[in-house]
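Participant: prediction below, plus the sequence it came from.
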Amino acid sequence: MALIDTTVMQQDDRSSRFEAVDWDTVDTSTRLWTPERVTLLAGIALLALLYAYDRYVAHVYLVADWQVQTVDWVVLLGSVMLVAYVGVPIVRYRETTLRVLRSLFTRPVYAVASTLLGLFMALGLLGTALIGSAPLRYDYAWHPPVGMSIPMAGGNCYGEVTQGDGVTRYCEGTLSNYPLGADHRGIAMDWLVVSGARTALYVVIFTAAFVVPLAFAVGVIAGFRGGLIDDLLMSYVDVQLSIPAIIVYFIGYMYWNPSLLLLLVTFGLLSWGGIARLVRSEVLQRREAGFVMVARSLGGSRAYIARRHILPNITNTLIPSVFQLFALLILVEAGVAFLGFQEWQAFSWGTTIAQGVDFEQVVGGGRGSLIEPHDYWWVSTLPALALSVTLVSFKLVGDGLRDALDPRSTN
Amino acid sequence: MTTPNPSTQTTRTDSQDHPLLAVEGLTTHIETEGGTIHAVDGVSFQVDRGETVCIVGESGSGKSVTCESLTEIVPQPPASIVDGSIQFDGEPLHDVDEAFMRRIRGNRIAHIFQNPQQALDPVYTVGDQIVEAIQIHETVPETTARERAIDLLRQVGIPSASDRVDEYPHEFSGGMCQRVAIAIALAADPDLLIADEPTTAVDVTVQARLIEVLRSLADGGMSVLLITHDLRVVAALADRVLVMYGGTIVERGPVSSVFTQPSHPYTQALFDSYDELSRRSDRSARDEIPTNGCRFRNECPHAVDACAEDDQPAFHAVARGDHSVSCVHYGPSGDPDAILEASRDARPVTSAEVTDDD
Amino acid sequence: MTDADTDTATQSRSEPRGVEDDDTAYEPSPDPLLQVRDLELHYPITKGFLRREVGRVRAVDGVSFDIGRGEALGLVGESGSGKTTTALSILRLEEPTGGNVIFDGESVRDLAGGDLRAFRRRAQLIVQDPNEAFNPRMKVGKAVAEPLALHGMTDEDRRRRIVEDLLERVGLSANDAGRYPHEFSGGEKQRIAIARALVLNPDLIVADEPTSALDGRVRADILGLLDDIRREFDISVLFISHDIDVVRRFCDRVAVMYLGEIVEQGRIDRVLSAPKHPYTQVLLGSVPSLDPTDRTLPSPLTDTIPDPADPPAGCRFHTRCPAVIRPEEIDLEPEQWQRVAAFRFTVQAGELPESIDITGSGPIDESTVRDALDLPERLPDQGIDDGVASAIEAIASGELERAGEILEEGVPTVCEQSVPESITVDGRTVACHRHDETMPGVADPEIMKPFR
Ligand code: SF4
Ligand code: SF4
């Protein structure tokens, strides 16, 4: 690009007053086809095709043995939205992304947390596809992980079997089969942990794609419009904040089967009030700011100002609380599942933990020994570990992103 | 009682044998990411009893840090008072323990700031806050303290004081808040009031009233150390003026003399900014202010090589003995005529009047 | 009205006419860029969930002025006078509740679509606080280019070219574009704000206290830069400020606002060297002189600025006006009249001085009241003397409200009875009865000093 010789320009007279712009020739129509919109539309179209295929052509399984349910469709739609409005900007504004990542990774604790979070996402997204489905194999129940041994509960063992007291036989874990052990159904722990990650990721995607935008929208509208609209929205939020989501979930549970979708909808859609409030108060603080006034005087629309000037400036409070919400909802899902009010086929970490602390079982017939939860500790410990690490990572990455996004802290 | 070491000021007749406040070589550094800032760099001055001294300068000149260093209310770190001696009423204020300093603060030296709302606690009535200030320094019964509070509010010109004493800060306008802040500062009957830009945040009509309040305090015998960037406020209040630039005092003297004959090139530049529109867009704010010699030399139209020498040019008397300026041209070998000609109200100075003071 | 009285009145009103009349008459520009007519912005005060309107804050109440092409008009007044609201209504950032703003012949209220966009390009805003003038998350290059982008210039290279050129023009360097706002000082940020206001080649810049966050030479530099730029590009400026020094140096004309109204308006040299409206006189007189031997400061009768939701009747300044007009049937010396008027409005504003605190303990005797309010023992006008005496009696017995009523009745003035029209006097317009010869009553000679 050729730079105009500014010294020459300064000497020129008024006619060359910087670069004269003939505004009639400038295309003032706002761009309709932004990459984000294109991606969103393409994604939705693809999803529609898939849905049609699933309904009318394929029968039980969409691909391989994936039985796509409503919740999957919802989450797929959410993913499309996230790809369009998070993924595309990340690529479009590579420089900013790189700068943020770089500063995120300068502090080791945030670097570790981000890596773990990345791992969690990858497992949740690709894990089940990679390791396929898990057949029920009760004969390998409580198969120990590598290096462990346990009184044999199922009839089979991949590792060495040693004879203990009486009829008790011990099964040794192996690296090639059940490296992380198995639960009482003989389902591999690695598979369970990965499945749990997928369920948790569903929670995150649903929250990020539907709950957070709702909270933002309500907060921005209330803060910007003020007046009656503000009063109404905020009174609604007050009411909503006083409804315990778990009661609503239980009521729904009485009428429908337990399902992840029901859980997501009830908890997700009843838990955005706090963030909406936060957004509102931040918007209120900033809507009179000088740069907002200037943008308004330039004819910037409310949506433009919210997107361009308000949201980037409230990330300090917002990013941590959004990540907190992710963590909270993952924990809620696990908790509900732990209590047994979640379909077990979702293989939530909560379900697995519950099963890992629940069973006492006599193995090996009448005189066999009793095995207790601590004998097969991996069933509860591994998902609990995964859950905790995920929760901590979310919180840390929230804080890290807040700092990384603030240009004042990185300079 | 001992007389503090003779300062660079000429001696003044005083009923007591020492000034209320004598500051010698005060030096305060502030650590920042970009390095150490020499915020206050060897500042010496005195405040006599009943006298109003104004420190005038632009933001960043070190005028506020100077005053905050006196009672060590400047946050340390990042600031650190690295040198200097401070004598208050004949006793040293430097190197004293925190408890002693707390007794001095508020009790004998009170501060008020630019933004009174910050100094007032929104959840207590102004009366409670004044009563609290009274009771911190003196054990008096609640009712006596309350009466004193009402008296103080009257003294600073708050109408219907006995009603308003029970109101909260948000019920007061900005100017009224500043009066309340002054009342709190006066609660312990201090000897010295340090006022940091007390009228900057208010309208001129309100400023006029605050000026009258401060004037009546000075008339009542209180010493006032006023910090401002506004030469007009200086003209309205000061007995003596200290002009600060880059952490140093560059000119000082009685207000009448400094205002009729601003002599330091920086002081003249300050006065210029009140006159016609300045067209000096060549002045770059990014130039580092030097930390030795004359701090103003990068911007000074009269700068010569000698300006970069030593710590700071010595003070030389101008016109009247008490008015002196830290500029090499006023020294025995210098020729101040060129500078004085540029002055807004230059009056001829005979060389006999220009005597070496240091 | 006796002949003698009329004479005095006429004489005193036309008295301070030191300057020749011909070239001084206030002449609006024949083809102004901006015409503001009876602009009015009332904020409703609402109550309860249903937002029932219980009153209106008259933030701007019938303001009219013109700004010629290339002219700078200063709008001065205290905080709460409505000057910022006026500016925001002109830019349509607030919806006026009445009146009209005509920009280059077209009513701004009726603009829509492309015309509105063109107006948004031609009229730019500079805000007061440089620290919040920029989105802290946006590099200044982007911020300066934002107006271009918002108005549809998609060519990034072209935007960058324009921005870098502008940054150099305002005294910064082209590679400052890649830095964030917090890396600049207040003065530099204000330079960037000027660059941003210039990027669309505006015809009008509305500058809301552009220098009040700066001090000393930085303030002077920014003012100088703004002045150079407006002259070079022939930009009209609406310059809002409470700093009369700054307005004096920058503006061609000045309009003084008080409680939502313009009280005086005219050429800067006329208005500032010989203010005609008592409020202007108080305002200018309150700026301390640079001469340390001149330390007088005028005081208005009362310090309280009335509530704009309930402005005083007639002339809005009458509760504070030291030059308030005396009815001719009241026979008092000017100073005496001023004391009595001050007494009345002080009592009505509840601003009784310290020494007569009626809520305090014990009875107050009448001489204390007289002393505190500087009222003489005896006033030559019998009616007034009686009124004052009974008001003092009421105060002494703690009946402040009754005292107010007595005084309101006994100390009337035309200033509260009729709203002053704007009239042209000595090359400026003034809204004050003192200058309206048709008004009854005696305008005592002003006890004001001029602005230096
Ligand atoms: S000492 Fe030198 S640089 Fe400093 S003011 Fe005097 S002439 Fe200027
Ligand atoms: S009309 Fe009366 S009250 Fe108003 S400014 Fe003029 S003299 Fe004063």
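Facilitator: Good, I have the coordinates. Ligands and ions are numbered 1, 2, ... in the order given.
Participant: what residues does the stretch 51-200 of chain B have near chain C?
Facilitator: Within reach of chain C by C-beta under 8 Å from any C-beta of the partner chain, the stretch 51-200 of chain B has these residues: B:57-59, B:150, B:154-155, B:157, B:159-163, B:174. In short, each C-beta sits where N, CA and C put it, glycine included.
Participant: looking at the residues you listed, which is nearest ligand 1?
Facilitator: Lowest distance from ligand 1 to these (C-beta to the nearest ligand atom) belongs to residue B:57, with 14.3 Å.
Participant: quick revisit: and which of the residues of the stretch 51-200 of chain B next to chain C is nearest chain A?
Facilitator: Of all these, residue B:174 has the smallest distance to chain A: 18.0 Å, by C-beta to the nearest C-beta.
Participant: farthest-separated two in the residues of the stretch 51-200 of chain B next to chain C?
Facilitator: Using C-beta to C-beta, the pair of those lying farthest apart is B:58 and B:162, separated by 42.0 Å.
Participant: distance from the chain centre to the helix or strand harbouring residue C:337, please.
Facilitator: Per DSSP states H and E, residue C:337 falls inside helix C:334-349. Relative to its chain's centre, helix C:334-349 lies at 24 Å (C-alpha atoms, centre = their mean, to the nearest Å).
Participant: not counting sequence-adjacent ones, nearest residue to residue A:327?
Facilitator: Nearest residue to residue A:327, sequence neighbours excluded (C-beta to C-beta, 6 or more residues apart in numbering or on different chains): residue A:394, at 4.1 Å.
Participant: pretty sure that neighbour sits in a strand.
Facilitator: No: under DSSP: H, G, I helix; E, B strand; the rest coil, residue A:394 falls outside any strand and is assigned helix.
Participant: show me what contacts it?
Facilitator: Residues in contact with residue A:394, defined by C-beta atoms under 8 Å, 6 or more residues apart in numbering or on different chains, are A:117, A:323, A:324, A:326, A:327, A:330.
Participant: run the last query once more with 10 Å
Facilitator: Residues near residue A:394 by C-beta atoms under 10 Å, 6 or more residues apart in numbering or on different chains: A:113, A:116-117, A:120, A:200, A:204, A:320, A:322-328, A:330-331.
Participant: who wins for most neighbours among those residues?
Facilitator: Counting neighbours by other C-beta atoms under 10 Å in any protein chain shown, residue A:200 leads those with 29 neighbours.
Participant: what's the spacing between it and residue A:406?
Facilitator: The gap separating residue A:200 from residue A:406 is 28 Å, by C-beta to C-beta, to the nearest Å.
Participant: got it, and residue B:59?
Facilitator: Computed as C-beta to C-beta, the residue B:59 to residue A:406 distance reads 25 Å.
Participant: who has more neighbours out of these two?
Facilitator: Neighbours per residue (other C-beta under 10 Å) separate residue B:59 from residue A:406, with residue A:406 holding more: 20 against 17.
Participant: and the gap between the nearest residue to the more buried one once chain neighbours are set aside and residue A:237?
Facilitator: Closest residue to residue A:406 apart from its sequence neighbours, by C-beta to C-beta, 6+ apart: residue A:316 at 6.4 Å. Distance of residue A:316 to residue A:237, given as C-beta to C-beta: 22 Å.
Participant: residue 241: neighbour count?
Facilitator: Went with chain A since none was named. Using other C-beta under 10 Å, residue A:241 has 15 neighbouring residues.
Participant: oops, wrong one, chain C.
Facilitator: By the criterion of other C-beta under 10 Å, residue C:241 has 24 neighbours.
Participant: do the same with residue A:74
Facilitator: Residue A:74 has 19 neighbours, counted by other C-beta under 10 Å.
Participant: would you agree it is in contact with residue A:262?
Facilitator: No: between residue A:74 and residue A:262 there is no contact under C-beta atoms under 10 Å: 11.4 Å.
Participant: contacts only, for residue B:227.
Facilitator: B:53-57, B:61, B:63-64, B:66-68, B:113-114, B:194-198, B:200, B:233, B:242, B:244 are the contacts of residue B:227 under C-beta under 10 Å, 6+ apart.
Participant: and the nearest residue to residue C:297 once chain neighbours are set aside, what helix or strand is that in?
Facilitator: With sequence-adjacent residues excluded and distances taken as C-beta to C-beta, 6+ apart, residue C:297 is closest to residue B:208, at 4.2 Å. Using DSSP H and E, residue B:208 falls within helix B:204-219.
Participant: buried ones in that helix?
Facilitator: If you call a residue buried by 16 or more other C-beta atoms under 10 Å in any protein chain shown, then helix B:204-219 has these buried ones: B:204-215, B:217-218.
Participant: check stretch C:423-443 too.
Facilitator: C:423, C:425-436, C:439-443.
Participant: is that stretch up against ligand 2 anywhere?
Facilitator: Yes: Stretch C:423-443 comes into contact with ligand 2 (C-beta under 6 Å from any ligand atom), by way of C:432, C:433, C:434.
Participant: got CSV for those residues, with distance to residue C:212 and pLDDT too?
Facilitator: Below are the residues of stretch C:423-443 next to ligand 2 laid out as CSV (distance: C-beta to C-beta, whole Å; pLDDT from 0 to 100):
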residue, distance to residue C:212, pLDDT
C:432, 28, 87
C:433, 33, 86
C:434, 31, 83
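Participant: now the residue of the stretch 201-350 of chain B found nearest ligand 2. Nearest residue, chain neighbours left out?
Facilitator: Residue nearest to ligand 2 within the stretch 201-350 of chain B (C-beta to the nearest ligand atom): residue B:205, separated by 14.6 Å. Nearest residue to residue B:205, sequence neighbours excluded (C-beta to C-beta, 6+ apart): residue C:286, at 4.7 Å.
Participant: so for the residue of the stretch 51-200 of chain B found nearest chain C, what's the pLDDT?
Facilitator: Residue nearest to chain C within the stretch 51-200 of chain B (C-beta to the nearest C-beta): residue B:154, separated by 3.3 Å. Looking at residue B:154, its pLDDT is 76.
Participant: thought it was touching residue B:213?
Facilitator: No: contact criterion C-beta under 10 Å: residue B:154 and residue B:213 do not qualify, at 11.2 Å.
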